[in-house]
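Trainee: Prediction below, plus the sequence it came from.
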Amino acid sequence: MYAEDHTWKPRRHFLFDSGAGFGALALASLLGEDGLTADPTTRRIPLVPKPPTLPSKAKSCIFLFMFGGPSQVDLFDYKPELQARDGQSIENEFRRGTKTKATLQASRRAFQQHGQSGLWCSDAFPNIARHMDKLAVIKSLYSDSFAHGSALLQMNCGRIIQGHPSLGAWMTYGLGTINQDMPGYVVMLDPRGGPTSGSPNWSSGYMPADYQGTVIRNAEHPILNLHPPEGITRQSQGRELEFLKKLNRQHADARTGYSELEARIASYELAYRLQIEAPEVLDLAKESKQTLEMYGIDEPKPDWHPLALGPSSFGRQCLIARRMVESGVRFIQIYSGGGNAGGQNTWDGHHGIEENLRLHCPEVDRPIAALLTDLEQRGLLESTLVVWGGEFGRMPVSETFNTGGKPGGRDHNPKGFTYWLAGAGVRGGISFGETDEIGEAAVEDRRHLRDLHATILHLMGLDHRRLTYHHGGLEEKLTGVIDANPIRQVMA
Amino acid sequence: MSCHSGGDPEGNLSLASRTGWDSAGVIQPGAPNESLLYRAIRRDNEEIAMPPTGKGKQLSPRQIADIERWIRDGAFDPRQDGPATGVGPKKRNRIFEITDDDKNHWAFQPLARVPTRAGETDSEIIDRLVMQKLGSLGATPNALASPRELVRRIYLDLWGLPPSYDDVVRFANDPSDHNWGQIVDKLLDSPHYGERWGRHWLDWVRYAETNGYERDGPKPNAWRYRDYVIGALNEDKPYGRFLTEQLAGDELIELEGLSLENHFDRWRDAIAATGFYRLHVWDDEPDSSEAAEMDDLDDIMVTIGASMLSLTIGCARCHDHKYDPISQRDYYSFLAHLSDIDPYGQLKKGGGGRGTGRIERWLAPESQIQTWEQDRAARRSDLEQELAQSTDEKKQKELRESIKACNNEKPPFEAALAIHKRKQPKTIHVLFRGDWKEPRDTVSPAFPILFQKNLLSHTTTAATDRSTSEDRPRLALARWIIDSQNPLTYRSIVNRVWQQHFGQGIVASPDDFGATGTQPSHSELLDFLASRLIASGGSLKELHRIILNSDTYRRSSQMPTDPSHPDLENRLFGRQILRRVDAEVIRDSILWYTRSLTDKKDGPSVTPNISKEVLDAANPATLAAWKPSAPEDQNCRSVFLLVKRSLKLPLLEAFDFANSHSPTMKRLPTITAPQSLVLLNDLWIREQAKKLIVDTNSLETTDRTRKLWRTVFQRDPTSDESEWVNSFLRETGPTHEQDRWISIARALFNSNEALFVD
């Protein structure tokens, strides 16, 4: 029981010297939690950068989340047979164990092969199509839930139930963060609202709050309570903080050995610096006109549809993501689509897939293409993993009950859907796995989404089997109890 | 190999990697004969023989010998570097059996009798047991803390509110044991005690008032459970009774013949207590409602295990427990006690959402409810008749609406979130891999085999009293849990009470007394306190009294200056630990300083104002449901604020409020920049700082400074501090004097002195 004593002194000294990390310096280890952790060294300073356990060049990950569920058969998963059988009737399992007669609906999109790899991409994504040689397209994923709430949770946290840490939490737990003056894990939401289930999607679950995602709001107020209330200048706040520091200094000096007091003093200095630093990262004024144009940031809001945003908003977020990668943020998630699922405000195309694609594809196509170009030009793509996908895919059949009898919608589909990866460690120009001839269910090289999680962790230099957190008597993993395997075929 | 590898290996055993065979536990490195894998390929008996007869080619004797040698050499994976170092507890054998190690595990032993000495008080026994351990290490304990530190410590501990300056002065004038004991008694007698300690219990049972998930819909009248908990602690309800009411309050009142008419409060409490079963997250749009129902039951099992037994019984849902002597069959037999609970949600096929089941109970006599039902039926049938006869279109429309309104009418009775009994108990099967679609043996209610081996006195009772266990399985479960011979229950609660008083438990893993948990630092002390709790009839207040009157509780938190001190980690409680206060204490204290705290003691929760920037990020369903309470109700104690799973008050969330999804047995305090931002920049903080300043407007600088210090720190300012205030006020700047005072007040709210307890 006393074997740990020798670790005690260096730890405390280290803590004194390190200053506070953004979400940092959990007191847990100081407060005698060692008994609860399998490996106490991982809990000393939560967000201090840690070396990856597997060889990896990846430093950051950008997860582009198409909330609502993008339609694979209209974007990347070209199915000639579906195109040929438009209007035919089939039996369709549209919810687990529940079948109905349904009508096949061919994509109204034109598909083409692109680049040297000849990967398929539809004309919904004319700009992303130019980057197909960079992408590893996984077409044979499946997951466990037909409903948005639980599917989102599973995609983000590995389980269909709430309360588990999200992918970004696992990543910052495993790798720490590079820039201690910025959050290590940020989430940017669609201006139309947050996703279904809300904050559990970026929560740290049963881990300490250090690892939870920080929602980045807008350029003026990027972080909650970042700026003092009206009427308080930076100068006067600075003086207030000086005054506070005197009190805290005196208090801490009378209590030597409690480094949490020092950490709290440091946390005010960090907060004060962050008020300058965070807006700077979000400030696009220093970006060239050419860059802004490439991301589509100056595009006006289209007027053909009340929900249409055009590329401006997502473009801004993608550019901010690049700037965050440059400033050392570990995990950045951007949501396209927001507000209640079920409407055209997300990728949830029940009410007409064509209208849905016309709304959302232009919102992300140019920004994502620009992001890939930009990262590549700056030499950042080899150290940045880019992930694209949603909480599930969509059905190849037409959904009519939501469209007042008119054909055109597509329902949820967790039985077969597409993700793509690009950047750090990814083998570009690869298509992996197949759905059946109509694009409904994964059949060849079927992979559960836990394998996608294992792959993402692997590419970031983390072994999903060894990245564990002791909780409730279990060594919990992102990938859960059923063994998962990284998809080697998409790795360079 | 082709069967036992890949993404979905047979029998969930993957032989492709060390992780696979380790997690399955089929190989005991160094011991081939104890390794299931070796016995299977050697075909010890047909039942375990592998590959199965008729499937695949059997291994040659040479191959078998190679594997035997490989296991004997430690079963290294040649693809990895060297032997993996053995860390953590030993995994159990693949075939379930109760071993001697299990029987000897500390937590399963009966409580040890601790010899006492004549004339020794219980508090002195605590001190003696702690001193013995310290002495054996050659460590000396800290001296007692200063009176001010002590008064602050005990107020913040028992009430979650700071003392007044006068409280401190009064004790400092005569810091005798007698006066200390008086303070302890006074604080325990106040309703503030239940408001503070009730919240700890709510953490442990992951209390929330919404269901989570997509719509995060309300749990109607969940606050009655919160009030029940607070009330039970305040009236010092015997701990066993407290648990029994939560597990089987509805059965208890039947058995005791308590009626609503004659014993309304007791009747209502017993019903509201069963809200315990309704606190879990609940998915209104599950992929499969059958699977979701098992998830709900599992959630309850995990919570019973953590909050009442410190046993990680949930680990045995899909397979036998990997470390503890709990088989999968034990899990489902235990779960079978819950088979009469009407499910939380409706069973539904196909897509879309679903409604809740019968999750509320009217707090009214059955006869009144029936009368009301009959009355409604009569009114409806009148309306329907009228409709049938009416020819006027406009009139018909009105009538149709009246009928609809009649159908939607809620009875004029109060209700509690509670359980109903199922008409037919659910048949419980052992589920292969925890999958509801793979039912195996049917099981009936039973306690884990481990505890049936004459470990508990009542097991014979439970076994013979078939009627209780068959008709009222939950009551049987409660009785088993609260049995004085149950080795876990009392150790579990005593450990957590200790943990809250000292910042760490005698067992450092409050949710896990099994093999993956930690050993108690003072097993005699743990057993002594548990025995005392039993002997007092389950009085938690008495337990507090014993602990709080000890010197051990009252020691200073000064860190030892000698780096070679043998107990720098304070595992032996030679001192107290400096601790940050909980999230609620930060908010409640500020309200207390500004004398804004309302006197709300119970009732429906208050929905706090939340800033627009936070609401903007919430999903629209949450947003629509967020209706802030009236301004005059806002400043209640934090325990009365609505606990909505998807949206928490940022101030509370930033300071590590319970996650409210799974049992939070101990909050892990963090220090983050967002915490500093919220305490500095939140408008609510500014309002409160302003209020404190306006209240002291009439005072001169010196008096005003003194007043602020006495309010927030319960002491006078030092001369240095007075000078800092003066120079802060003197410095030229764009702000008005009042704003500078507000800055000073806010700095006090932010200070470590206010946020930490010595």
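Mentor: Done, it's in.

Trainee: where's the residue of chain A most remote from its centre relative to chain B, distance?
Mentor: Distance from the C-alpha centroid of chain A, by Cα atoms, centre = their mean, peaks at A:A254 (44.4 Å). To chain B, A:A254 is 9 Å away according to Cβ to the nearest Cβ, to the nearest Å. Placement of C-beta: from N, CA and C, glycine included.

Trainee: If you drop the residues flanking it in sequence, what lies closest to B:I586?
Mentor: Excluding its sequence neighbours, the residue lying closest to B:I586 (Cβ to Cβ, 6 or more residues apart in numbering or on different chains) is B:F655, at 5.8 Å.

Trainee: Could you do B:I693 as well?
Mentor: Using Cβ to Cβ, 6+ apart and skipping residues adjacent in sequence, the residue nearest B:I693 is B:W741, 4.5 Å away.

Trainee: List the contacts of the one you found.
Mentor: B:693, B:696, B:704, B:729 (Cβ atoms under 8 Å, 6 or more residues apart in numbering or on different chains).

Trainee: returning to that earlier point: doesn't B:S589 make contact with the residue nearest to B:I586?
Mentor: No: using Cβ atoms under 8 Å, B:F655 is not in contact with B:S589, being 11.8 Å away.

Trainee: Can you pick out the residue with more neighbours from these two?
Mentor: Neighbour totals were compared for B:F655 and B:S589, and B:F655 leads with 26 against 21 (other Cβ atoms under 10 Å in any protein chain shown).

Trainee: who's in contact with that one?
Mentor: Residues in contact with B:F655 (Cβ under 8 Å, 6+ apart) are B:580, B:582-583, B:586, B:669, B:675.

Trainee: So residue 162, which state does it fall into?
Mentor: The chain I'm using is chain A. coil (DSSP: H, G, I helix; E, B strand; the rest coil).

Trainee: Actually, chain B is the one I wanted.
Mentor: Three-state call for B:P162 (three-state DSSP): coil.

Trainee: same question, B:I95
Mentor: coil.

Trainee: how many other residues sit next to it?
Mentor: Neighbours of B:I95 under the rule other Cβ under 10 Å: 11.

Trainee: is it true that A:G425 touches A:K57?
Mentor: Yes: using Cβ under 8 Å as the test, A:G425 is close enough to A:K57 to be in contact (6.4 Å).

Trainee: Among those two, which residue is more densely surrounded?
Mentor: A:G425 (22 against 16).

Trainee: check contacts around the more buried one.
Mentor: The contact partners of A:G425, by Cβ under 8 Å, 6+ apart, come to A:56-58, A:385, A:459, A:491-492.

Trainee: Give the ChimeraX command for selecting the buried subset of these.
Mentor: Only the buried entries of those go into this ChimeraX selection, using 16 or more other Cβ atoms under 10 Å in any protein chain shown:
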select /A:56,57,58,385,459
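
Trainee: Would you mind measuring from the closest residue in space to A:K301 that isn't next to it in sequence to A:G69?
Mentor: Ranked by Cβ to Cβ, 6+ apart and with sequence neighbours excluded, the top spatial neighbour of A:K301 is A:G310, at 5.4 Å. Between A:G310 and A:G69 the computed distance is 22 Å (Cβ to Cβ, to the nearest Å).
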